[in-house]
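Asker: Sharing a model prediction with you, sequence too.
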Amino acid sequence: MAQNQSASELAPPHVRVATYNVSLYGKRAGEITERLADSSDEQAKRIASIVQTVRPDILLVNELDFQNDALPAKRLATNYFAVGQPNADASGMLQPITYPYLYSAASNTGLDSGTDLNQDGKLGTGNDAWGYGVYPGQYAMTVFSRFPIDDDSIRTFQTLRWASMPGALQPIDPSTQSSYYENETWNRLRLSSKNHIDVPIHIGQQVLHVLASHPTPPVFDGPEDRNGARNHDEIAFWNHYLSDAAAKQQWIVDDEGNTGGLAPDASFVVMGDLNADPDDGDGRRAAIRQLIEHPRVNDVRPRVDDQDAAKRRARYRGTGDVRTKTADFGRGGGMRVDYVLPSSNLDVTDSGVFWPASDQPESRWVGASDHRMVWIDVKPEG
């Protein structure tokens, strides 16, 4: 899915990198592909309007269906991103944006495990898939890029076993103080509810690693907190992947059998809907706090403009900074769950969260999803 382009081309003055959970999923396989077959889908048009307004050079989209031919992603790029949408005030058209390169990642969602994972006495339900989903490929993710993707160097961790992680939080049934899962099941479970991917992108002479994932929400379970434990460990994977000893960690095995984490001098962004707020919510916060405080990570804390956040601050019931919130799940003020975390060796020049105030015409677009786009600008090398 890449076109020929020399990695030696001059890098632009800055590169905008963004993540956006677009909530573009259906009730059955193929529904999203059908909806995106032309340029008339209202949700996709609002999504495209935001993309054409923020104009990221590299964009991670969460919750976009996966197919082996990447057709949902290709249609979103061709029929929506590359088609000018009306300005919010209807004064003209937004500038189309094209992404010559994309990588649509396979997902554990909807892939049946053959086991009654949620112990409800039924088999073959969405809760019995390796990652929750009512059909294969639901809630998957795609990286769109204006710069060449090094397809041959992409690493994925779709099949990595949860039990292989050092210190894995094995869910415990509090009524019996024993493992919620039988040993045979526990040793088969996959860590990633969707996938963990390392996508190298060439920007001039520099390689930027997009480290993307979408951990399961830490809710929708029982007293054993199996989703809370999995969310924690899906995030903790990146802490291991970036550690000083990453290269020696033989348990980090990608889907091609290669071991170890990211090189210590590599530039990267950890991106995605991580379903964890370091200050608020029901999740186990240790892993996300460790990630944003990691010595290789620069948490620039993208914010909504103060004026835009003022109305939400008035009803905010959380403990964190309402300006950093990125999603609205009906809680007062929102939650910070969407991240673009650059490596500390990158020069970040700007950042933000696209969350227009309710009296701005652009606010009608954000109803496309309960998440908001988060972006940073980085100054590439040479």
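Answerer: Noted; the coordinates are in hand.

Asker: Surely Thr142 is within a strand?
Answerer: Yes - with DSSP: H, G, I helix; E, B strand; the rest coil as the criterion, Thr142 is part of a strand.

Asker: Per-residue pLDDT of it, please?
Answerer: What the model reports for Thr142 is a pLDDT of 98.

Asker: Please apply the same query to Asn4.
Answerer: 42.

Asker: ditto for Val17
Answerer: On the pLDDT scale, Val17 gets 98.

Asker: Okay, Leu36 and Gly318: tell me how far apart.
Answerer: Applying C-beta to C-beta, to the nearest Å, the value for Leu36 to Gly318 is 35 Å. All C-beta spots, glycine's among them, are computed from the backbone N, C-alpha and C.

Asker: Neighbour count: these two, which is higher?
Answerer: Leu36 (25 against 17; other C-beta atoms under 10 Å).

Asker: Verify the stated contact: the more buried one with Ala77.
Answerer: No - Leu36 is beyond contact range of Ala77, at 9.6 Å (criterion: C-beta atoms under 8 Å).

Asker: can you pull the contacts of the nearest residue to Gln67 once chain neighbours are set aside?
Answerer: Ranked by C-beta to C-beta, 6 or more residues apart in numbering and with sequence neighbours excluded, the top spatial neighbour of Gln67 is Gly137, at 6.1 Å. Contacts were defined as C-beta atoms under 8 Å, 6 or more residues apart in numbering; by that measure Gly137 touches Ala29, Asp65, Phe66, Gln67, Ala106, Ser107, Thr109, Gly110.

Asker: wait, doesn't the first one sit right on Pro136?
Answerer: Yes - when contacts are counted by C-beta under 8 Å, Ala29 is listed as touching Pro136 (6.5 Å).

Asker: rewinding a little: as JSON lines, the contacts of Gly137 with pLDDT would be great.
Answerer: What follows is the contacts of Gly137, written out as JSON lines (pLDDT from 0 to 100):
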{"residue": "Ala29", "pLDDT": "97"}
{"residue": "Asp65", "pLDDT": "98"}
{"residue": "Phe66", "pLDDT": "98"}
{"residue": "Gln67", "pLDDT": "97"}
{"residue": "Ala106", "pLDDT": "98"}
{"residue": "Ser107", "pLDDT": "98"}
{"residue": "Thr109", "pLDDT": "98"}
{"residue": "Gly110", "pLDDT": "98"}
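
Asker: Could you look up the SS state of Asn231?
Answerer: Taking three-state DSSP, the label given to Asn231 is helix.

Asker: Would you map the helices across this structure?
Answerer: 31-35, 42-54, 71-76, 183-186, 226-241, 286-292, 306-314 (DSSP state H).

Asker: Alpha carbons only: can I get the fourth one in PDB?
Answerer: In PDB, the C-alpha atoms belonging to helix 183-186 read as follows (Å, rounded to 0.1, in the frame of the first residue of the first chain):
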ATOM      1  CA  ASN A 183      -4.500 -22.500  33.700                       C
ATOM      2  CA  GLU A 184      -5.000 -23.900  30.100                       C
ATOM      3  CA  THR A 185      -7.100 -20.800  29.200                       C
ATOM      4  CA  TRP A 186      -4.800 -18.300  31.000                       C
END
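
Asker: mind listing what's buried in that helix?
Answerer: Using 16 or more other C-beta atoms under 10 Å as the test for burial, helix 183-186 gives Trp186.

Asker: Average the pLDDT values over it and round to the nearest integer.
Answerer: pLDDT averaged over helix 183-186 gives 97.

Asker: how far out from the middle of the chain is that helix?
Answerer: In terms of C-alpha atoms, centre = their mean, to the nearest Å, the centre of helix 183-186 is found 28 Å from the chain centre.

Asker: Farthest-apart pair in the contacts of Gly137, please.
Answerer: Ala29 and Ala106 (14.1 Å; C-beta to C-beta).

Asker: Quick one: low-confidence residue ranges for this structure.
Answerer: 1-9, 306-314, 331-333, 382 (pLDDT under 70).

Asker: residues contacting the residue nearest the centre of it?
Answerer: With distances taken as C-alpha atoms, centre = their mean, Gly272 lies nearest the centre of the chain, 2.2 Å away. By C-beta under 8 Å, 6+ apart, Gly272 lies in contact with Thr19, Leu60, Asn62, Met141, Ala212, Ser213, His214, Asp338, Tyr339.

Asker: nearest to Gly204, of these?
Answerer: For the contacts of Gly272, the nearest to Gly204 is Leu60 (20.6 Å; C-beta to C-beta).

Asker: Could you point out the longest strand of the protein?
Answerer: For the chain, the strand with the greatest residue count under DSSP state E is strand 15-24.
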